[in-house]
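# please work out how this folds:
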Amino acid sequence: GNGQVILEIGSSYAGETGPVIIDSLNTSATLGVTFRPASGGNVLTSITAPSTTLYSAIEIRSSYVTLDGRPAGSGTNRRWTVRSLGSANGRTAVRINNVNQNLTGITVKYLICEAEAPTITDAIFYVFGTTSNTVSNLLIENNLIRSTSSGNRGYGMEFGNGNLGNTNIVVQNNVINDVYSKGIYFLSTYPGIKFSGNQIYHTKDITQPSAGEFNAIHLGTSGIENAIISNNLVYNIRIVNSTSTIRGIYTSTGVSDLNNPVLIFNNRIRMGAEMPANVVLYGIHEGTTTSANVYANNSVVITGSAPTNKISAAIAKTSSANSKYLNNIFVNLRTSGTNNNYCVYSTSATIAFNEIGFNNYYFNGAGTVLGGFGTGITASDLAQWNALVNIDKNSVSVNPNFTDINASIPDFTINTSIATPLEKGGIG
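Numbering: from 1, shown residues only. Have a look, this model is predicted:
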(Lines give C-alpha, C1' and ligand atoms only; values in the text may rest on other atoms or scores of the structure.)
Protein backbone atom coordinates (compact mmCIF):
# COMPACT_ATOMS: atom_id res chain seq x y z
CA GLY A 1 0.00 0.00 0.00
CA ASN A 2 0.83 3.69 0.00
CA GLY A 3 0.53 6.48 2.53
CA GLN A 4 0.88 6.70 6.28
CA VAL A 5 -1.00 4.52 8.78
CA ILE A 6 -1.90 6.65 11.82
CA LEU A 7 -2.40 4.87 15.15
CA GLU A 8 -3.70 7.30 17.78
CA ILE A 9 -3.59 6.61 21.51
CA GLY A 10 -6.91 7.59 23.04
CA SER A 11 -8.10 8.65 26.49
CA SER A 12 -8.88 5.05 27.49
CA TYR A 13 -5.23 4.02 27.14
CA ALA A 14 -4.21 2.35 30.40
CA GLY A 15 -0.49 2.03 29.74
CA GLU A 16 1.55 -1.13 29.31
CA THR A 17 2.40 -4.10 31.48
CA GLY A 18 5.70 -4.74 29.73
CA PRO A 19 8.10 -3.33 27.16
CA VAL A 20 6.70 -2.21 23.81
CA ILE A 21 8.68 -3.68 20.88
CA ILE A 22 7.75 -2.35 17.44
CA ASP A 23 8.94 -5.13 15.16
CA SER A 24 8.07 -7.07 12.00
CA LEU A 25 5.91 -4.35 10.46
CA ASN A 26 5.25 -4.58 6.74
CA THR A 27 6.37 -0.99 6.16
CA SER A 28 8.13 0.48 3.15
CA ALA A 29 9.31 3.78 1.69
CA THR A 30 5.72 4.39 0.57
CA LEU A 31 3.91 2.96 3.58
CA GLY A 32 4.87 4.08 7.08
CA VAL A 33 3.32 3.90 10.54
CA THR A 34 2.90 6.80 12.97
CA PHE A 35 2.06 6.40 16.67
CA ARG A 36 0.78 9.53 18.45
CA PRO A 37 -1.70 10.74 21.10
CA ALA A 38 -5.22 11.51 19.95
CA SER A 39 -6.44 15.10 19.94
CA GLY A 40 -6.48 16.48 23.47
CA GLY A 41 -4.56 13.47 24.75
CA ASN A 42 -1.88 13.31 27.44
CA VAL A 43 -0.30 9.85 27.32
CA LEU A 44 1.99 8.04 29.76
CA THR A 45 3.82 4.84 28.81
CA SER A 46 5.59 3.81 32.01
CA ILE A 47 7.32 0.44 32.34
CA THR A 48 8.85 -1.27 35.36
CA ALA A 49 10.56 -4.62 34.78
CA PRO A 50 12.27 -7.20 37.00
CA SER A 51 15.78 -6.25 38.10
CA THR A 52 17.28 -9.08 36.03
CA THR A 53 15.77 -7.88 32.74
CA LEU A 54 17.41 -5.47 30.30
CA TYR A 55 14.71 -3.60 28.46
CA SER A 56 13.45 -0.41 26.89
CA ALA A 57 10.03 1.08 27.48
CA ILE A 58 9.70 1.41 23.69
CA GLU A 59 12.07 -0.33 21.29
CA ILE A 60 11.92 0.27 17.53
CA ARG A 61 13.11 -2.61 15.34
CA SER A 62 11.22 -1.75 12.13
CA SER A 63 11.80 0.85 9.44
CA TYR A 64 9.51 3.74 8.51
CA VAL A 65 8.18 4.20 12.04
CA THR A 66 7.35 7.57 13.59
CA LEU A 67 6.75 8.31 17.26
CA ASP A 68 5.13 11.75 17.55
CA GLY A 69 4.31 13.10 21.01
CA ARG A 70 1.97 15.83 19.75
CA PRO A 71 -1.79 15.25 20.04
CA ALA A 72 -3.15 14.58 16.55
CA GLY A 73 0.31 15.42 15.23
CA SER A 74 -0.11 19.19 15.42
CA GLY A 75 1.32 22.01 17.51
CA THR A 76 4.52 21.93 19.57
CA ASN A 77 3.33 20.52 22.92
CA ARG A 78 4.86 17.27 24.16
CA ARG A 79 1.99 15.12 25.41
CA TRP A 80 3.50 11.64 25.39
CA THR A 81 5.80 10.62 28.24
CA VAL A 82 7.82 7.41 27.80
CA ARG A 83 9.22 6.41 31.18
CA SER A 84 11.56 3.61 32.17
CA LEU A 85 11.53 2.69 35.85
CA GLY A 86 13.76 0.38 37.84
CA SER A 87 17.16 0.54 39.51
CA ALA A 88 19.22 -1.91 37.42
CA ASN A 89 21.29 -1.38 34.28
CA GLY A 90 19.68 -1.38 30.85
CA ARG A 91 16.68 0.79 31.64
CA THR A 92 16.17 2.96 28.55
CA ALA A 93 13.09 4.95 27.62
CA VAL A 94 13.47 4.67 23.82
CA ARG A 95 15.87 2.47 21.91
CA ILE A 96 16.52 2.23 18.17
CA ASN A 97 17.74 -1.35 17.70
CA ASN A 98 18.88 -2.76 14.34
CA VAL A 99 19.59 -6.21 15.72
CA ASN A 100 17.38 -7.97 13.13
CA GLN A 101 17.74 -5.83 10.00
CA ASN A 102 18.92 -2.56 8.49
CA LEU A 103 16.73 0.29 9.69
CA THR A 104 15.76 3.45 7.82
CA GLY A 105 13.11 6.16 7.82
CA ILE A 106 12.60 6.41 11.60
CA THR A 107 11.46 9.64 13.29
CA VAL A 108 11.12 10.27 17.03
CA LYS A 109 9.85 13.72 17.94
CA TYR A 110 8.11 15.68 20.69
CA LEU A 111 8.37 12.92 23.30
CA ILE A 112 9.23 13.28 26.97
CA CYS A 113 11.74 10.49 27.60
CA GLU A 114 12.55 9.64 31.22
CA ALA A 115 14.62 7.03 33.05
CA GLU A 116 15.82 6.73 36.61
CA ALA A 117 18.30 3.85 36.98
CA PRO A 118 21.56 5.31 38.31
CA THR A 119 23.74 3.74 35.65
CA ILE A 120 26.12 5.10 33.03
CA THR A 121 26.13 1.96 30.87
CA ASP A 122 22.88 2.73 29.03
CA ALA A 123 21.28 6.04 28.11
CA ILE A 124 17.76 7.37 28.45
CA PHE A 125 17.61 7.50 24.64
CA TYR A 126 19.74 4.79 23.06
CA VAL A 127 20.70 4.09 19.45
CA PHE A 128 22.38 0.73 19.77
CA GLY A 129 22.16 -2.64 18.08
CA THR A 130 24.68 -4.54 15.96
CA THR A 131 27.57 -3.47 13.76
CA SER A 132 26.36 -5.96 11.12
CA ASN A 133 23.34 -3.82 10.18
CA THR A 134 22.87 -0.11 9.52
CA VAL A 135 20.69 2.77 10.66
CA SER A 136 20.00 5.53 8.14
CA ASN A 137 17.61 8.44 7.63
CA LEU A 138 16.99 8.77 11.36
CA LEU A 139 15.50 11.99 12.75
CA ILE A 140 15.39 12.69 16.50
CA GLU A 141 14.01 16.14 17.20
CA ASN A 142 12.25 18.33 19.75
CA ASN A 143 12.27 15.71 22.51
CA LEU A 144 12.77 16.33 26.23
CA ILE A 145 15.23 13.74 27.55
CA ARG A 146 15.71 13.74 31.31
CA SER A 147 16.12 11.82 34.52
CA THR A 148 13.02 11.15 36.57
CA SER A 149 12.34 13.10 39.74
CA SER A 150 13.31 10.05 41.82
CA GLY A 151 16.68 9.17 40.27
CA ASN A 152 19.44 10.78 38.21
CA ARG A 153 20.58 8.90 35.11
CA GLY A 154 24.16 8.85 33.83
CA TYR A 155 23.73 9.41 30.08
CA GLY A 156 21.07 11.36 28.22
CA MET A 157 21.70 9.98 24.71
CA GLU A 158 24.17 7.44 23.35
CA PHE A 159 25.11 6.25 19.86
CA GLY A 160 26.87 2.87 20.01
CA ASN A 161 27.68 -0.17 17.83
CA GLY A 162 27.90 1.84 14.63
CA ASN A 163 28.51 1.06 10.97
CA LEU A 164 29.90 3.04 8.02
CA GLY A 165 26.44 2.73 6.49
CA ASN A 166 24.87 4.72 9.34
CA THR A 167 24.13 7.85 7.32
CA ASN A 168 21.80 10.85 7.32
CA ILE A 169 21.23 10.88 11.06
CA VAL A 170 19.98 14.16 12.48
CA VAL A 171 19.58 14.96 16.20
CA GLN A 172 18.21 18.47 16.57
CA ASN A 173 16.40 20.83 18.92
CA ASN A 174 16.21 18.38 21.82
CA VAL A 175 16.52 19.26 25.51
CA ILE A 176 18.70 17.02 27.69
CA ASN A 177 18.77 17.70 31.40
CA ASP A 178 19.52 16.34 34.85
CA VAL A 179 21.99 13.59 33.87
CA TYR A 180 25.19 13.19 35.85
CA SER A 181 27.85 11.87 33.45
CA LYS A 182 27.22 12.64 29.75
CA GLY A 183 24.57 14.61 27.97
CA ILE A 184 25.26 12.99 24.58
CA TYR A 185 27.87 10.28 23.92
CA PHE A 186 29.10 9.42 20.42
CA LEU A 187 30.74 6.04 20.97
CA SER A 188 30.84 4.38 17.55
CA THR A 189 30.68 4.82 13.77
CA TYR A 190 28.05 7.30 12.58
CA PRO A 191 29.72 9.28 9.76
CA GLY A 192 28.21 12.66 9.02
CA ILE A 193 25.89 12.67 12.03
CA LYS A 194 24.38 16.08 12.75
CA PHE A 195 23.85 17.20 16.36
CA SER A 196 22.42 20.69 16.19
CA GLY A 197 20.29 23.15 18.15
CA ASN A 198 20.14 21.05 21.32
CA GLN A 199 20.24 22.29 24.91
CA ILE A 200 22.04 20.50 27.75
CA TYR A 201 21.62 21.81 31.29
CA HIS A 202 20.56 20.95 34.84
CA THR A 203 17.39 22.12 36.56
CA LYS A 204 18.65 21.15 40.03
CA ASP A 205 21.81 20.21 41.92
CA ILE A 206 23.05 16.82 40.69
CA THR A 207 24.97 14.44 42.96
CA GLN A 208 26.95 11.72 41.21
CA PRO A 209 26.78 8.23 42.76
CA SER A 210 30.58 8.24 42.64
CA ALA A 211 32.38 11.53 42.09
CA GLY A 212 33.73 11.71 38.54
CA GLU A 213 33.84 13.71 35.34
CA PHE A 214 30.96 15.22 33.40
CA ASN A 215 30.87 15.85 29.65
CA ALA A 216 27.89 17.61 28.10
CA ILE A 217 28.89 16.55 24.56
CA HIS A 218 31.39 13.68 24.34
CA LEU A 219 33.01 12.66 21.05
CA GLY A 220 34.52 9.27 21.85
CA THR A 221 35.04 7.70 18.44
CA SER A 222 37.08 8.13 15.26
CA GLY A 223 34.06 7.00 13.22
CA ILE A 224 32.19 10.30 12.89
CA GLU A 225 33.95 11.79 9.87
CA ASN A 226 32.20 14.92 8.57
CA ALA A 227 30.00 15.12 11.66
CA ILE A 228 28.43 18.49 12.48
CA ILE A 229 28.18 19.67 16.08
CA SER A 230 26.53 23.08 15.84
CA ASN A 231 24.29 25.65 17.50
CA ASN A 232 24.07 23.75 20.78
CA LEU A 233 23.71 25.49 24.15
CA VAL A 234 25.37 24.13 27.32
CA TYR A 235 24.77 25.97 30.58
CA ASN A 236 23.83 25.73 34.27
CA ILE A 237 25.80 22.53 34.88
CA ARG A 238 25.31 21.75 38.57
CA ILE A 239 27.37 18.69 39.52
CA VAL A 240 27.81 19.37 43.23
CA ASN A 241 30.10 16.58 44.42
CA SER A 242 32.62 16.18 41.59
CA THR A 243 36.33 16.79 42.19
CA SER A 244 37.21 15.71 38.65
CA THR A 245 36.88 17.43 35.24
CA ILE A 246 33.73 19.12 33.96
CA ARG A 247 33.59 19.77 30.21
CA GLY A 248 31.20 21.32 27.72
CA ILE A 249 32.48 19.62 24.54
CA TYR A 250 35.05 16.82 24.88
CA THR A 251 36.94 14.88 22.20
CA SER A 252 38.59 11.82 23.73
CA THR A 253 39.01 9.87 20.47
CA GLY A 254 39.19 11.95 17.33
CA VAL A 255 38.79 11.83 13.58
CA SER A 256 42.31 12.14 12.16
CA ASP A 257 41.40 12.63 8.47
CA LEU A 258 42.12 16.27 7.60
CA ASN A 259 39.89 15.97 4.54
CA ASN A 260 36.84 14.84 6.53
CA PRO A 261 37.01 16.71 9.85
CA VAL A 262 34.36 17.09 12.52
CA LEU A 263 32.88 20.58 12.22
CA ILE A 264 32.19 22.16 15.63
CA PHE A 265 30.68 25.60 15.19
CA ASN A 266 28.26 28.16 16.63
CA ASN A 267 28.03 26.37 19.98
CA ARG A 268 27.56 28.39 23.17
CA ILE A 269 28.85 27.24 26.55
CA ARG A 270 28.60 28.90 29.96
CA MET A 271 29.85 27.00 33.00
CA GLY A 272 31.42 27.54 36.38
CA ALA A 273 29.48 29.60 38.89
CA GLU A 274 26.88 26.88 39.50
CA MET A 275 29.46 24.25 40.50
CA PRO A 276 31.73 23.63 43.47
CA ALA A 277 35.14 25.26 43.19
CA ASN A 278 37.14 22.07 43.49
CA VAL A 279 36.90 20.91 39.84
CA VAL A 280 38.94 21.21 36.67
CA LEU A 281 36.76 23.10 34.22
CA TYR A 282 37.11 23.07 30.42
CA GLY A 283 34.56 24.66 28.11
CA ILE A 284 36.00 22.77 25.13
CA HIS A 285 38.62 20.04 25.60
CA GLU A 286 40.43 18.34 22.77
CA GLY A 287 41.89 15.48 24.74
CA THR A 288 43.50 13.45 21.94
CA THR A 289 46.65 13.94 19.91
CA THR A 290 45.11 12.81 16.61
CA SER A 291 41.86 14.68 16.09
CA ALA A 292 41.26 16.95 13.08
CA ASN A 293 38.36 19.07 14.30
CA VAL A 294 37.42 22.50 13.02
CA TYR A 295 36.27 24.84 15.81
CA ALA A 296 34.63 27.99 14.42
CA ASN A 297 32.32 30.71 15.73
CA ASN A 298 31.90 29.11 19.15
CA SER A 299 31.39 31.24 22.29
CA VAL A 300 32.65 29.87 25.61
CA VAL A 301 32.45 31.62 28.98
CA ILE A 302 33.97 30.25 32.20
CA THR A 303 32.84 31.85 35.46
CA GLY A 304 32.97 31.31 39.22
CA SER A 305 35.92 30.82 41.57
CA ALA A 306 38.45 28.05 42.15
CA PRO A 307 41.22 27.00 44.55
CA THR A 308 44.81 27.46 43.44
CA ASN A 309 45.33 23.82 42.40
CA LYS A 310 42.42 23.56 39.93
CA ILE A 311 42.76 24.67 36.32
CA SER A 312 40.05 26.18 34.17
CA ALA A 313 40.12 27.03 30.47
CA ALA A 314 37.65 28.11 27.84
CA ILE A 315 39.55 25.86 25.39
CA ALA A 316 42.06 23.17 26.41
CA LYS A 317 44.02 20.88 24.11
CA THR A 318 46.83 18.38 23.86
CA SER A 319 49.74 18.61 21.42
CA SER A 320 47.64 17.72 18.35
CA ALA A 321 48.60 19.88 15.37
CA ASN A 322 45.64 18.88 13.19
CA SER A 323 42.74 21.01 14.38
CA LYS A 324 41.72 24.52 13.39
CA TYR A 325 40.44 27.31 15.65
CA LEU A 326 38.84 30.26 13.86
CA ASN A 327 36.43 33.08 14.79
CA ASN A 328 35.78 31.85 18.32
CA ILE A 329 35.16 33.88 21.47
CA PHE A 330 36.99 32.36 24.46
CA VAL A 331 36.24 34.09 27.77
CA ASN A 332 37.49 33.21 31.26
CA LEU A 333 36.17 35.21 34.21
CA ARG A 334 37.03 32.64 36.88
CA THR A 335 39.04 33.78 39.89
CA SER A 336 41.69 32.05 42.00
CA GLY A 337 44.85 32.87 43.89
CA THR A 338 47.26 31.95 41.10
CA ASN A 339 47.53 31.85 37.30
CA ASN A 340 45.45 28.72 36.78
CA ASN A 341 42.61 30.14 34.71
CA TYR A 342 43.07 30.52 30.96
CA CYS A 343 41.29 31.45 27.78
CA VAL A 344 43.38 28.82 25.95
CA TYR A 345 45.48 26.14 27.64
CA SER A 346 47.70 23.29 26.53
CA THR A 347 47.81 20.32 28.86
CA SER A 348 51.23 19.41 27.42
CA ALA A 349 54.53 21.29 27.29
CA THR A 350 53.96 22.41 23.70
CA ILE A 351 51.05 23.64 21.71
CA ALA A 352 50.51 23.32 17.97
CA PHE A 353 47.73 24.13 15.55
CA ASN A 354 46.92 23.39 11.96
CA GLU A 355 45.43 26.88 11.81
CA ILE A 356 44.42 29.45 14.41
CA GLY A 357 43.29 33.04 14.09
CA PHE A 358 40.56 35.68 14.24
CA ASN A 359 39.64 34.59 17.78
CA ASN A 360 38.83 36.79 20.74
CA TYR A 361 40.47 35.98 24.09
CA TYR A 362 39.00 37.92 26.99
CA PHE A 363 39.88 37.39 30.65
CA ASN A 364 39.04 39.35 33.77
CA GLY A 365 39.56 37.77 37.15
CA ALA A 366 42.20 37.30 39.83
CA GLY A 367 44.61 34.57 38.77
CA THR A 368 43.38 34.57 35.15
CA VAL A 369 45.61 34.97 32.10
CA LEU A 370 45.21 34.64 28.36
CA GLY A 371 47.11 31.41 27.72
CA GLY A 372 49.29 28.77 29.30
CA PHE A 373 51.08 25.44 29.04
CA GLY A 374 51.41 22.36 31.22
CA THR A 375 54.97 23.41 32.05
CA GLY A 376 53.70 26.49 33.85
CA ILE A 377 54.59 28.96 31.09
CA THR A 378 51.86 31.60 30.77
CA ALA A 379 50.96 34.43 28.44
CA SER A 380 49.40 37.32 30.33
CA ASP A 381 48.41 39.27 27.22
CA LEU A 382 48.04 38.99 23.47
CA ALA A 383 51.60 40.09 22.74
CA GLN A 384 53.05 37.33 24.92
CA TRP A 385 50.65 34.81 23.41
CA ASN A 386 51.68 35.73 19.88
CA ALA A 387 55.32 35.34 20.86
CA LEU A 388 54.61 31.79 22.03
CA VAL A 389 52.23 30.83 19.21
CA ASN A 390 53.41 32.81 16.25
CA ILE A 391 50.81 31.51 13.77
CA ASP A 392 47.80 32.98 15.61
CA LYS A 393 46.87 35.74 13.18
CA ASN A 394 44.43 38.61 13.61
CA SER A 395 43.13 37.57 17.02
CA VAL A 396 42.09 40.22 19.55
CA SER A 397 41.53 40.55 23.27
CA VAL A 398 38.46 42.66 24.00
CA ASN A 399 35.33 42.42 26.12
CA PRO A 400 32.70 40.77 23.86
CA ASN A 401 29.90 42.56 25.74
CA PHE A 402 27.42 39.73 25.58
CA THR A 403 23.86 40.92 26.16
CA ASP A 404 23.32 38.89 29.36
CA ILE A 405 25.66 35.99 29.97
CA ASN A 406 24.38 35.58 33.56
CA ALA A 407 20.71 35.18 32.64
CA SER A 408 18.98 31.94 33.61
CA ILE A 409 19.25 31.08 29.92
CA PRO A 410 22.40 32.96 28.90
CA ASP A 411 22.12 35.44 26.05
CA PHE A 412 25.27 35.27 23.94
CA THR A 413 24.22 37.91 21.46
CA ILE A 414 26.63 40.84 21.29
CA ASN A 415 25.26 44.12 22.62
CA THR A 416 25.29 46.20 19.46
CA SER A 417 24.93 49.47 21.40
CA ILE A 418 28.59 49.10 22.45
CA ALA A 419 31.13 49.41 19.66
CA THR A 420 33.28 46.30 19.27
CA PRO A 421 35.71 44.97 16.63
CA LEU A 422 34.00 41.58 16.91
CA GLU A 423 31.20 42.74 14.63
CA LYS A 424 33.53 42.98 11.66
CA GLY A 425 36.73 41.17 12.52
CA GLY A 426 36.04 37.59 11.50
CA ILE A 427 36.65 35.61 8.34
CA GLY A 428 34.49 33.47 6.08
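
# just for this structure, where's the confidence low?
Residues of the chain meeting the criterion pLDDT under 70: 1, 49-54, 88-90, 119-121, 308, 319-321, 337, 339, 349-351, 423-428.

# ranges for the helices of it?
Listed in chain order, the helices of the chain (DSSP state H) span residues 382-388.

# spatially nearest residue to the residue nearest in space to the middle of it (excluding sequence neighbours)?
To find the centre residue of the chain, average its C-alpha atoms and take the closest one (C-alpha atoms, centre = their mean): that gives residue 217, at 3.1 Å. The spatial neighbour of residue 217 that comes closest, neighbours along the chain excluded (C-beta to C-beta, 6 or more residues apart in numbering), is residue 249 at 4.6 Å. Heads up, the C-betas are built off the backbone N, CA and C, glycines and all.

# correct me, but the one you found touches residue 269?
Yes. Applying C-beta atoms under 8 Å as the test, residue 249 and residue 269 come out as touching, 7.1 Å apart.

# could you pull out the residues contacting both of these two?
The overlap between the contact sets of residue 249 and residue 269 (C-beta atoms under 8 Å, 6 or more residues apart in numbering) consists of 216, 234, 283-284.

# now, among these, which is nearest to residue 77?
Nearest to residue 77, judged by C-beta to C-beta, of the shared contacts of residue 249 and residue 269 is residue 234 at 25.2 Å.

# what's around the closest one, how many residues?
26 (other C-beta atoms under 10 Å).

# in contact with it, which residues?
Residues counted as contacts of residue 234 (C-beta under 8 Å, 6+ apart) are 183, 199-201, 216-217, 248-249, 267-271.

# and the residue nearest to the centre of the chain, what does it touch?
The neighbours of residue 217, taking C-beta under 8 Å, 6+ apart as the test, are 183-184, 195, 200, 229, 232, 234, 248-250.

# let's have those residues in JSON lines, adding distance to residue 386.
As requested, the contacts of residue 217 are exported to JSON lines (distance: C-beta to C-beta, whole Å):
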{"residue": "183", "distance to residue 386": "35"}
{"residue": "184", "distance to residue 386": "36"}
{"residue": "195", "distance to residue 386": "34"}
{"residue": "200", "distance to residue 386": "34"}
{"residue": "229", "distance to residue 386": "29"}
{"residue": "232", "distance to residue 386": "31"}
{"residue": "234", "distance to residue 386": "29"}
{"residue": "248", "distance to residue 386": "26"}
{"residue": "249", "distance to residue 386": "26"}
{"residue": "250", "distance to residue 386": "28"}
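
# quick revisit: scan the shared contacts of residue 249 and residue 269 and report the most crowded one.
With neighbours set by other C-beta under 10 Å, the maximum within the shared contacts of residue 249 and residue 269 is found at residue 283, which has 30 neighbours.

# you'd agree that residue is up against residue 299?
No. Applying C-beta under 8 Å, one finds residue 283 not in contact with residue 299, separated by 9.3 Å.

# shared neighbours of those two, anything?
residue 269.

# related to what we said a few turns ago, which of the shared contacts of residue 249 and residue 269 lies closest to residue 414?
With C-beta to C-beta as the yardstick, the closest approach to residue 414 among the shared contacts of residue 249 and residue 269 comes from residue 283, at 17.9 Å.

# for the closest one, give me its contacts.
Each residue near residue 283 by C-beta under 8 Å, 6+ apart is listed here: 247-249, 269, 271, 300-302, 313-315, 330.

# related to what we said a few turns ago, mark which of the shared contacts of residue 249 and residue 269 are part of strands, please.
Where the shared contacts of residue 249 and residue 269 overlap with strands, as defined by DSSP state E, the overlap consists of 216, 234, 283-284.

# picking up where we left off before, quick check, nearest of the contacts of residue 283 to residue 3?
Comparing those against residue 3 with C-beta to C-beta picks out residue 249 as the nearest, at 41.6 Å.

# ok, that closest one - how many residues close by?
For residue 249, the neighbour count with other C-beta under 10 Å is 27.

# got the phi and psi for residue 291?
With angles defined as degrees, to the nearest 10, residue 291 shows backbone torsions of phi -70, psi 150.

# is the residue nearest to the centre of the chain in a bridge, and if so with what?
residue 184, residue 249 (DSSP bridges).

# so how far is residue 370 from it?
With distances defined as C-beta to C-beta, to the nearest Å, the gap from residue 217 to residue 370 amounts to 25 Å.

# and residue 218, by the same measure?
For residue 218, the distance to residue 370 (C-beta to C-beta) stands at 27 Å.

# same deal with residue 252?
For residue 252, the distance to residue 370 under the criterion C-beta to C-beta works out to 26 Å.

# now do residue 91
Here residue 91 is placed at a distance of 46 Å from residue 370 (C-beta to C-beta).

# which one's more surrounded, the two?
Neighbour comparison, residue 91 and residue 370: the larger count goes to residue 91, with 28 against 25 (by other C-beta under 10 Å).

# if I look at the more buried one, how far off is residue 135?
The span separating residue 91 from residue 135 equals 21 Å under the rule C-beta to C-beta.

# what do you get for residue 347?
Taken as C-beta to C-beta, the spacing of residue 347 relative to residue 135 amounts to 35 Å.

# check residue 116 too.
With C-beta to C-beta as the criterion, residue 116 and residue 135 are 26 Å apart.

# the more surrounded of the two?
When neighbours are counted by other C-beta under 10 Å, residue 135 comes out ahead of the other of residue 116 and residue 135, with 27 against 21.

# now do the contacts for that one.
Contacts here follow C-beta under 8 Å, 6+ apart; on that basis residue 135 touches 96, 98, 102-104, 106, 127, 129, 163, 166, 169.

# coming back round to it: including distance to residue 155, could the contacts of residue 234 go into JSON lines?
Listed next are the contacts of residue 234 as JSON lines, based on distance: C-beta to C-beta, whole Å:
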{"residue": "183", "distance to residue 155": "8"}
{"residue": "199", "distance to residue 155": "16"}
{"residue": "200", "distance to residue 155": "12"}
{"residue": "201", "distance to residue 155": "15"}
{"residue": "216", "distance to residue 155": "11"}
{"residue": "217", "distance to residue 155": "12"}
{"residue": "248", "distance to residue 155": "16"}
{"residue": "249", "distance to residue 155": "16"}
{"residue": "267", "distance to residue 155": "19"}
{"residue": "268", "distance to residue 155": "22"}
{"residue": "269", "distance to residue 155": "19"}
{"residue": "270", "distance to residue 155": "22"}
{"residue": "271", "distance to residue 155": "19"}
